[in-house]
Structure formats: structure tokens, C-alpha cells
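A.B. asks: Sharing a model that was predicted from the sequence below.
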Amino acid sequence: MTQEFIKKIIEASAATIAEHAEELTDLDRAIGDGDHGINMKRGFTEILNISDDISALPFGKALAKAGMTLVMKIGGASGPLFGSFLMAAAKAVDDVPSNRDEMLKLLDGGIEAVKMRGKSDVGAKTMLDVLAPVSDALRAADADLINVARKAAAEALENTRDMLATKGRASFLGERSIGHIDPGARSVVLLINAVCDVLETA
Amino acid sequence: MTDNVSLVIVSHSGDVARGAADMVREMVGEEINVAHCGGNADGGLGTDVAAIMAAIKSVYTQKGVAILVDLGGAETNSEMAIEMLPDGFADHIVICNAPIVEGAVMAGTEAAGGSSLTAVQETAEETSL
Amino acid sequence: MSPETSASSSAVINDPIGLHARPAVKLTKLAKSFSSDIEIRPETAEKWANAKSPNAVMKLRAANGETLHIRANGDDAQTSVRALVDLINKNFDG
């Protein structure tokens, strides 16, 4: 059961990253160094390649292994950032979250790790600007969590457009980073939607 | 082997990393061990945590290892690599906040005289003042 | 053998581009091999610089033909000054 779930999440994540790799790279070319799409694709393709091994593990260990794979394969700062998210999430939960509180534990554990790894916080035009609002929205919601997450993610992504980048490569551009959505934040939205898709069909 | 602080040069480009390491070897000499790595797992621009870990291990000494990095991802990936090394390693490794080439030559010169890791890091970082 | 305590001398830089990176590294390395405190000052500079500090030596930007003053304090002061003068006279070759 868990095994099949993990496998579906991996397949959906890898598929959406591969499908949008070019878009991510274009976004990154505008305000970064233009390798985000190809880096993410490299990392998620490797996770897909070893999805049998990963999905054979208990949920927490599967998250940790997926995170480690991203760290080792992505080749840019996104590796440690997305990788640390999963590795910290793995420490927060042992099993597939079965309710909102467990889901928030996973999410918030990951968010803290991204803040530490990136020496960053909300408002700096990074992946945190989607992760944190989604966590907040889920915490405040009563029902329909999947749609709450999707909607919060989409709105938060759009909000990164007017933010001034103060972290990462985009910060070199200063004011010129304004007017573009953040590629890392876009990746987070893609992955959140992929997970939501799997949850809806489960 | 020497009992001097070692250097590790981490660039997005394998060519830059190799070139900086060559400069240190040629200008400073053989008294210090210099390892370098650059490029992602596919051979493109980027940095590779596994390669950084291997580079650190290849020159690791209790005396210390000073890492020189170029851009953001090189630093983040180096921090990740340090954390993933066996317990105890991290206490003897620093990432220098210095320009990669100048910092490497300065750090190498300081290290060749037998200086401590702290002194090597300070000398490297003076280049960015 | 009595301690040498202090010594000083000078030498003229003879290198088309002056005391550039490579000679500066050589000078620093040699200076570091002695226990004495060693300082250098190009003729045109006001302040003495620590000869063991790669950054300080590099920043001197001493030019070709310029006289470099050297002074040292410590047990191997004379030996160190002699060695540095020697290095400069050899045009940093060696």
C-alpha cells in the first residue's frame, strides 16, 4: 500500500519536472543561471531510476533516500535545498501522514531545513515563499485540504513575481529580479500539484 | 604527505578548478596538498556533492582543510558535503569567504609556512576586504 | 652562538613587472621559514609591511628598479635578511 503510494508520488513528481524542465530553465535564465530545469530533471530522473529501491523502504526512509539522491545528483544549490527538505521531512515522520497535523509536521520540518541550508527566510523570493504560505493555509483550513494547498501554492507563486531577490543567484540582479516568478518556487508548485494529483486518485 | 593545511578548490567549472589548483601548485609549491573539483555529474557546469566529499577526503588532515568556492551553489554543496563526511571531519574544515583564485594562492602561501587553519582562512579572507 | 637580534639591508627589484604575484609568494614563503619578525618597505612607501603576510606583500606593488628595504628582529634576523636580499638579487629565481 505504502509502497505503491511512494511509487506513484515518484512517478508523478518526475513526470511533471521532466515536462516542465524547459519552462523552469527559461524562468531561471531570466533571473538565475539557467540550469534549474536541467538540474531538477537530472535529480528526479535518478529518483525515478531507483524508484523500486526507494518504494521498498518505509515511508520515512524513502523520503531520506530520495533527498539524498537529489543532493548527490542535482549539481546546483537546488540539490542541497530540495534534498535537505526531504531529509528533514524524513526525520519528522516515519509513516505516510494520515491527517493534517502529520502533514504539517512533515512540511514544517522540511521548511526549517531549507531555511537553515539556504540561510534564508520567507520574503527573499525563493522556494520558501511557496512552502511557507502553503503550510499556513493548511493550518488555517477546515476542509478540502487538497484544493486549499493547490490554491495557496498558485497564489504564493504569483506573489514571488513582485519580490526582490536577496538570496541565491537572482540576488545579483537586484531590482531586475522583480517581474519574474522564482524558478525554485515554480518547482515547488509543480511538486505540490503532483502530490495532490496522486492523493486525489488514491 | 605534509603536515600543512590542505586546500580544496570547488568551482562550477572543472577547468577553473583545475586552473586554480595548478596556479597554487606552481606559485606556492609542493608543500601543500591541493585537491580540486568542478562540474556536475553530467560534465556540465555545476558542483557535485559526491565529488566534493571525495576531494576533501583525498587531502584531509587533522591540521585542517580550507575550501575555496566560486558561486552560491558551490558553497551550499560544500556545506552539504562537509556535513555528510564522517563525524569529526567537520571540526577541521572551513569554507573561506574569498575569491577563488586569489584566495587559493593566498591560503596556499599561508599554509605552506605551517600556519594553523584559522590563520590560513584569515589570510584567504583578507583578499576580499 | 649568540642571538642575532636585529638586522637590516636592502636590495633593488629587477623584474619588468615589479614585485608581482609570483615573486611576492616566494618572498612570503621564504620569510615564513624564519622565526624572526621580518618587515619590508619599498623606497616609495611610508609603512613597513609584514613580510610573512602574503596579502601585505602583494599590496605593496613595488615597481621594477625600486629599492626594497628589509629589517628583521629575532634569533635568525641576520640569516633571514641575507636570504631575502639573496632572493631579490637572484630575481626571485629559485
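C.D. replies: Arrived safely, thanks for sending.

A.B. asks: got the phi/psi numbers for C:Asp37?
C.D. replies: C:Asp37 adopts backbone torsions of phi -80, psi 130, taken as degrees, to the nearest 10.

A.B. asks: what does C:Ile17 give?
C.D. replies: Note on C:Ile17: backbone dihedrals following degrees, to the nearest 10 are phi -110, psi 20.

A.B. asks: what do you get for B:Gly43?
C.D. replies: Backbone phi and psi, for B:Gly43 under degrees, to the nearest 10, turn out to be phi 90, psi 0.

A.B. asks: From chain C, how far off is it?
C.D. replies: For B:Gly43, the distance to chain C under the criterion C-beta to the nearest C-beta, to the nearest Å works out to 31 Å. (Each C-beta comes from the backbone N, C-alpha and C, glycine too.)

A.B. asks: For that residue, report the pLDDT, please.
C.D. replies: As predicted, B:Gly43 sits at a pLDDT of 81.

A.B. asks: contacting residues for the closest residue to it other than its chain neighbours?
C.D. replies: Taking C-beta to C-beta, 6 or more residues apart in numbering or on different chains as the measure, B:Gly43 lies nearest to B:Gly14, with 7.9 Å between them; neighbours along the chain are not counted. Residues in contact with B:Gly14, defined by C-beta atoms under 8 Å, 6 or more residues apart in numbering or on different chains, are B:Cys37, B:Gly38, B:Gly39, B:Gly43.

A.B. asks: and the closest residue to chain C within chain B, how many neighbours?
C.D. replies: Chain B approaches chain C most closely through B:Gly113 (3.1 Å), counting by C-beta to the nearest C-beta. Here the number of neighbours of B:Gly113 (other C-beta atoms under 10 Å in any protein chain shown) works out to 22.

A.B. asks: Please read off the pLDDT at it from the model.
C.D. replies: 88.

A.B. asks: Surely it touches C:Val25?
C.D. replies: No. When contacts are counted by C-beta atoms under 8 Å, B:Gly113 is not listed as touching C:Val25 (11.0 Å).

A.B. asks: Can you report how many residues neighbour the residue in chain A positioned nearest to chain C?
C.D. replies: Nearest residue of chain A to chain C (C-beta to the nearest C-beta) works out as A:Phe172 at 25.8 Å. The tally of other residues near A:Phe172 (other C-beta under 10 Å) stands at 14.

A.B. asks: what do you get for A:Glu46?
C.D. replies: Here the neighbour count serves as a burial measure; for A:Glu46 (other C-beta under 10 Å) it reads 18.

A.B. asks: For the contacts of B:Gly14, point out the one with the lowest pLDDT.
C.D. replies: Scanning those for pLDDT, the smallest score is found at B:Gly43, 81.

A.B. asks: Look up how far A:Pro183 lies from it.
C.D. replies: 22 Å (C-beta to C-beta, to the nearest Å).

A.B. asks: So for these two, which sits in the more crowded spot?
C.D. replies: Between B:Gly43 and A:Pro183, counting by other C-beta under 10 Å, A:Pro183 is the more crowded of the two (30 against 8).

A.B. asks: Next up, the contacts around that one.
C.D. replies: When contacts are counted by C-beta under 8 Å, 6+ apart, A:Pro183 touches A:Leu24, A:Thr25, A:Leu27, A:Asp28, A:Ile31, A:Gly32, A:His36, A:Gly37.

A.B. asks: List just the nearest of the residues you listed to B:Val5.
C.D. replies: Each of the contacts of A:Pro183 was checked against B:Val5 using C-beta to C-beta; the closest is A:Gly32, at 33.6 Å.

A.B. asks: Name all residues that make contact with that closest one.
C.D. replies: Residues in contact with A:Gly32, defined by C-beta under 8 Å, 6+ apart, are A:Gly168, A:Arg169, A:Ala170, A:Pro183.

A.B. asks: What of A:Ala12?
C.D. replies: Residues counted as contacts of A:Ala12 (C-beta under 8 Å, 6+ apart) are A:Ala194, A:Val195, A:Asp197, A:Val198.
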